[in-house]
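K.L.:
here are the coordinates; sequence isn't available:
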């Protein structure tokens, strides 16, 4: 299985964050039903940052050697792919904007 426990939040929180940001703070220059790159990167970054905090909170505590994290995504603790997504959003924002 790709995820275990709350690992599905690694994908769900950035998507929900982008949708909420687009719904509540619609940019008129983006056109009907579209979002700007800035809104998309901000939504993904904020959603992934929230997921990093949730991942650290859920996966804290000691584990036996060889034991997998209780909440993982692609066999990694869920906070690490989310942290990578935050880094990618920051790099793309720095290069493009």
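P.N.:
Good, I have the coordinates. Note that the coordinates shown come from a computational prediction; the quantities given were computed from them, not determined experimentally. Residues are numbered from 1 along each chain as shown.

K.L.:
ok, which stretches of the chain are helices?
P.N.:
Assigned by DSSP state H, the helices in the chain fall at 9-24, 37-58, 79-96.

K.L.:
which other helices and strands contact the first one?
P.N.:
Secondary-structure packing of helix 9-24 (3 or more CB pairs under 8 Å, 6 or more residues apart in numbering; DSSP states H and E): helix 37-58, helix 79-96. The way it works is simple: take the backbone N, C-alpha and C, and place the C-beta from them, glycine included.

K.L.:
Please point out which parts of it sit buried.
P.N.:
9-11, 13-14, 17-18, 21-22 (16 or more other CB atoms under 10 Å).

K.L.:
Then the last one?
P.N.:
Buried positions in helix 79-96, judged by neighbour count with 16+ other CB under 10 Å: 79-83, 85-86, 89, 93.

K.L.:
tell me the angle of it relative to helix 9-24?
P.N.:
40 degrees (axes from the mean of the first three to the mean of the last three CA atoms, to 10 degrees).

K.L.:
Could you name the helices and strands sitting against helix 79-96?
P.N.:
If you count contacts as 3+ CB pairs under 8 Å, 6+ apart, helix 79-96 packs onto helix 9-24, helix 37-58.

K.L.:
Just send the helices of the chain back as JSON lines, with mean pLDDT and distance to residue 64 too.
P.N.:
Formatted as JSON lines, the helices of the chain follow (pLDDT from 0 to 100; distance: least, CB to CB, whole Å):
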{"stretch": "helix 9-24", "mean pLDDT": "91", "distance to residue 64": "24"}
{"stretch": "helix 37-58", "mean pLDDT": "92", "distance to residue 64": "17"}
{"stretch": "helix 79-96", "mean pLDDT": "93", "distance to residue 64": "19"}
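
K.L.:
Throw these into CSV and include distance to residue 67, thanks.
P.N.:
Listed next are those as CSV, based on distance: least, CB to CB, whole Å:
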stretch, distance to residue 67
helix 9-24, 20
helix 37-58, 15
helix 79-96, 16
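
K.L.:
Tell me who's in contact with residue 82.
P.N.:
Applying CB atoms under 8 Å, 6 or more residues apart in numbering to residue 82 gives the contacts 10, 13-14, 48-49, 51-52, 55.
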